[in-house]
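**Student:** Make a model of this:
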Amino acid sequence: MTVATDPAGPLTLSESAATLRGLGWTGREADWLTLVCLHSGVFIRSQYQARYGLSKQTASRFVRALLKAGVARETRLPDRRAYRPTSICHVRARALYHTLGIENDPHRRSASPETTMRRLLSLDYVLEHPDLDWLPTVPEKLAYFERLGIFRTVLPHRVHAGPFVECPNRRYFPLNLPIAGSGATTTFVYADPGGGRRLQADRVRSWVTAHAGLWEALREGGGAVHIVAVTRTEHAAAANAAILETWRGPPTPPVPRSEADQQLVNDVKLVETTENVRPLDKYGGVIEAAKAYRRILDREKAARRPLKYIDAYSTHVAERLAPDLLSF
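**Tutor:** Modelled structure (predicted):
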């Protein structure tokens, strides 16, 4: 597994973990803490046991060491068989994340049960697929897509604004789910936290819609898009597969653009790259240009239905997180 943090070349996991050994953690401990900080912020003991082939007692000693050192907090949640509680360990020490160069990573912060489950599921898949070129942080994801010539306008994002915020903050990849990329194929992991069938369907469709523009751009550039739905049960996996199947297929041929429309699109992309908005003055300013740009995209989208956004998909059932072992 590589961690693409350096523009000169990605760091290996061992190179990243070496920075934590300087804080006194052993090789295995530093390796695990690096994985958790980068990919989830949380873990359960059976995940740690499985990665290194350890006993429950050894895993418990490690967790107690984390708690004693003040770098983690443990939350105990009963499963359906209340006599056997399951603990979730949240690694949240600023020093660890600071040493890894990700001090402001959202994994440090406490999260809702839904988000916590997404994080646990994400980590489970990463642990099972260490051979993929993971992009753990948002800056790494942005750099990867920039290298592929993808403009940020098509990336999933949320805009955070308030009465005292002078410039709205745009947060990319707000769900912070795993992405791995080799250039030729980009793998997107969807972690399904569970819930009723309708809620499950709404969540995955919302996630697909948020990424549709990015996936179109990747395929237009000759890349392939692979989706993995990670769930806690076979039933949930089958339900997600049925939804993803409706999005799988060859790219829809592009709709021809007029010369004027193409010029506007080119100018919008130029502004995205240079942050100089003057080329949009001839369209009536940024707002009017953005409206016209959106009309072009919406018109083309309507003409190309039914849209197919992905080349392939697969499912993964995280058995260590099955509902009879852990429930929210």
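
**Student:** low pLDDT regions in the stretch 101-250 of the chain?
**Tutor:** Under the criterion pLDDT under 70, the flagged ranges of the stretch 101-250 of the chain are 160-168.

**Student:** can you do 90?
**Tutor:** Applying pLDDT under 90 to the stretch 101-250 of the chain flags residues 101-104, 113, 151-153, 158-171, 182-183, 194-198, 200, 220, 250.

**Student:** And the helices in it?
**Tutor:** Applying DSSP state H, counting those that start in this stretch to the stretch 101-250 of the chain gives helices spanning 113-128, 138-147, 197-220, 234-245.

**Student:** Deepest-packed of those helices, please.
**Tutor:** When the helices of the stretch 101-250 of the chain are scored by mean count of other CB atoms under 10 Å, the highest mean neighbour count falls to helix 113-128 (a mean of 22). The way it works is simple: take the backbone N, C-alpha and C, and place the C-beta from them, glycine included.

**Student:** okay, the angle between that one and helix 197-220?
**Tutor:** Put simply, helix 113-128 runs at 50 degrees to helix 197-220, going by axes from the mean of the first three to the mean of the last three CA atoms, to 10 degrees.

**Student:** Show me what helix 113-128 is packed against.
**Tutor:** helix 27-39, strand 42-44, helix 45-52, strand 185-191, strand 224-231, strand 312-317 (3 or more CB pairs under 8 Å, 6 or more residues apart in numbering; DSSP states H and E).

**Student:** Specify the angle between that helix and strand 185-191 in degrees.
**Tutor:** Per the same axes, to 10 degrees, the angle that helix 113-128 makes with strand 185-191 is 140 degrees.

**Student:** starting at the chain centroid, how far to helix 113-128?
**Tutor:** Computed by CA atoms, centre = their mean, to the nearest Å, the chain-centroid distance of helix 113-128 equals 10 Å.

**Student:** ditto for stretch 176-184
**Tutor:** 8 Å.

**Student:** That stretch: which residues count as buried?
**Tutor:** Under the neighbour-count criterion of 16 or more other CB atoms under 10 Å, stretch 176-184 has 176-181 buried.

**Student:** Ok, stretch 281-288 next?
**Tutor:** Applying 16+ other CB under 10 Å to stretch 281-288 flags Y283 as buried.

**Student:** Let me see the residues that make contact with that stretch.
**Tutor:** When contacts are defined by CB atoms under 8 Å, 6 or more residues apart in numbering, stretch 281-288 is touched by residues 264, 267, 271, 277, 280, 289, 292.

**Student:** The first one: how many residues sit nearby?
**Tutor:** Burial of L264, expressed as a neighbour count using other CB atoms under 10 Å, amounts to 21.

**Student:** Report the separation between it and D202.
**Tutor:** L264 is 34 Å from D202, where distance means CB to CB, to the nearest Å.

**Student:** cool, the last one as well?
**Tutor:** Counting by CB to CB, the gap from A292 to D202 is 31 Å.

**Student:** Next up, the contacts around the residue sitting nearest the centre point of the chain.
**Tutor:** Closest residue to the average C-alpha location of the chain: L177 at 2.0 Å, with CA atoms, centre = their mean. L177 sits next to 118, 122, 188-191 when contact means CB under 8 Å, 6+ apart.

**Student:** 7 Å instead, please
**Tutor:** For L177, the contacting residues are 118, 122, 189-191, by CB atoms under 7 Å, 6 or more residues apart in numbering.
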